[in-house]
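Peer 1: Take a look and give me a structure for this.
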Amino acid sequence: MQTKLRNINKSGFNKQLALPLTFKTLKNRENFIISNCNESAISLIDNSDFWLGKKKISSIPAALIFGPKGSGKTHLSNIFKEYNNSIFLSSLKPSDLELIKKGINFIIDDFGPSINYSSELVMHFLNQVTYNDGSILFLSRYSAFEMDWDLADLNSRIRSLLSCEIKLPDDMLLYTLMIKYTNEKKLMLNDNQCIYILERLERNFESVINFINKLDLFSLETKKKVSYKSIQHVFDTLSKN
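Peer 2: Just a heads-up that it's a prediction; the model follows:
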C-alpha cells in the first residue's frame with residue numbers, strides 16, 4: 001500500500017463528465033475494465049482465429065503482451081485461461097518440456113532473458129509447442145525489442161510475434177472507475193473522498209478495486225456511511241497486510 005501522496009491533476013475531474021467504461025464479465029472473477037490503455041490486448045485475447053491456428057503470424061502459435069507491473073497482465077491471462085485450457089508457468093525448467101502435448105496451451109509469465117528463461121530452453125520449448133499445435137501467451141514487462149537473447153534466431157522469433165502493449169490507466173480513468181464502482185455498491189463517495197483515496201493508492205485498476213471492496217465490506221460490517229475515518233481505517237488495515 002502506497003504511503004506517499006501522488007500528485008494528481010484534479011482540474012479535469014468532474015463526476016458529471018465521468019467517462020463510460022466497458023466491463024467484461026468473467027465467471028468467478030472481478031469484471032475486467034476495457035479502456036484505451038488495454039483494448040488492443042483484450043482484442044488479442046479474444047481473437048479466436050489466431051489462437052485456433054487460423055491466422056498465426058509466421059506459423060508461430062504465440063503472442064506477447066507487455067506492460068508495467070499492475071497494468072493487468074495477470075488478469076488478462078486469467079481471461080485467456082478461461083477461454084483456453086492452459087498451463088501457467090512463471091519459469092521454464094527442462095522438466096516442463098514433458099508438459100507439452102498435442103494442442104496444449106501455455107501462459108508464460110514474467111518472460112524475458114534471465115536465469116528463469118535460458119535462451120536454449122525457450123527456443124526448444126517454442127519449437128515443441130509449435131510442432132504439437134499448441135499456443136503460448138507470453139507476459140512480460142518488456143517489449144520483444146527490449147529483450148536481448150543469447151541466440152540470434154530466438155531474438156528474431158520473439159520479435160516476429162504478434163504483440164500488444166498494455167499501459168497503466170491514467171488518474172482520470174481510475175477516478176471514473178471509482179465513481180462507477182462505488183455507485184454500484186451504493187457507497188456514494190463524494191468527489192473529494194474519491195480524490196483523497198486516489199492520492200494514496202498505486203496507479204492501477206487492482207488497487208482501486210481492492211480498496212473499494214474492503215471499504216464496502218467495512219461499511220456493511222459497521223452499518224455506517226463512508227466517512228474519512230472509515231476510509232483511513234481501510235488504509236491502515238491494508239498497510240498492515
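Peer 1: And the strands in this structure?
Peer 2: Taking DSSP state E as the test, the strands found in the chain are 22-24, 32-34, 62-66, 86-89, 105-108, 135-140, 162-165.
Peer 1: how deep is residue 76 tucked in, by neighbour count?
Peer 2: 23 (other Cβ atoms under 10 Å). Every residue, glycine included, has its C-beta placed from N, CA and C.
Peer 1: My understanding was that it contacts residue 37; is that so?
Peer 2: No. Using Cβ atoms under 8 Å, residue 76 is not in contact with residue 37, being 12.0 Å away.
Peer 1: Now the common contact residues for those two.
Peer 2: residue 166 (Cβ atoms under 8 Å, 6 or more residues apart in numbering).
Peer 1: returning to what we had before: select from the strands of the chain the stretch with the lowest mean pLDDT.
Peer 2: Lowest mean pLDDT within the strands of the chain: strand 22-24, a mean of 58.
Peer 1: ok, so what distance separates residue 220 from residue 213?
Peer 2: 11 Å (Cβ to Cβ, to the nearest Å).
Peer 1: In contact with the nearest residue to residue 225 once chain neighbours are set aside, which residues are there?
Peer 2: Nearest non-adjacent residue to residue 225, counting by Cβ to Cβ, 6 or more residues apart in numbering: residue 219, 7.2 Å away. By Cβ under 8 Å, 6+ apart, the contact set of residue 219 is 187, 225-226, 230.
Peer 1: Distance to residue 237, neighbour count and pLDDT for the residues you listed - can I get that in CSV?
Peer 2: Output for the contacts of residue 219, formatted as CSV (distance: Cβ to Cβ, whole Å; neighbours: other Cβ atoms under 10 Å; pLDDT from 0 to 100):
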residue, distance to residue 237, neighbour count, pLDDT
187, 16, 18, 89
225, 18, 10, 89
226, 15, 18, 91
230, 11, 17, 94
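Peer 1: got the CA positions of the longest helix along the chain in CSV?
Peer 2: Criterion DSSP state H: the longest helix present in the chain is helix 205-222. Only the C-alpha atoms of helix 205-222 are listed here, as CSV (Å, rounded to 0.1, in the frame of the first residue of the first chain):
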residue,chain,number,x,y,z
PHE,A,205,-7.1,-1.0,-11.5
GLU,A,206,-6.3,-3.7,-9.0
SER,A,207,-5.5,-1.2,-6.2
VAL,A,208,-8.8,0.7,-6.7
ILE,A,209,-11.0,-2.4,-6.9
ASN,A,210,-9.3,-4.0,-3.9
PHE,A,211,-9.7,-0.8,-1.8
ILE,A,212,-13.4,-0.3,-2.7
ASN,A,213,-14.1,-3.9,-1.9
LYS,A,214,-12.5,-3.5,1.5
LEU,A,215,-14.3,-0.3,2.1
ASP,A,216,-17.6,-1.8,1.1
LEU,A,217,-17.1,-4.7,3.5
PHE,A,218,-16.2,-2.4,6.4
SER,A,219,-19.3,-0.3,5.7
LEU,A,220,-21.5,-3.4,5.7
GLU,A,221,-19.9,-4.6,8.9
THR,A,222,-20.2,-1.3,10.8
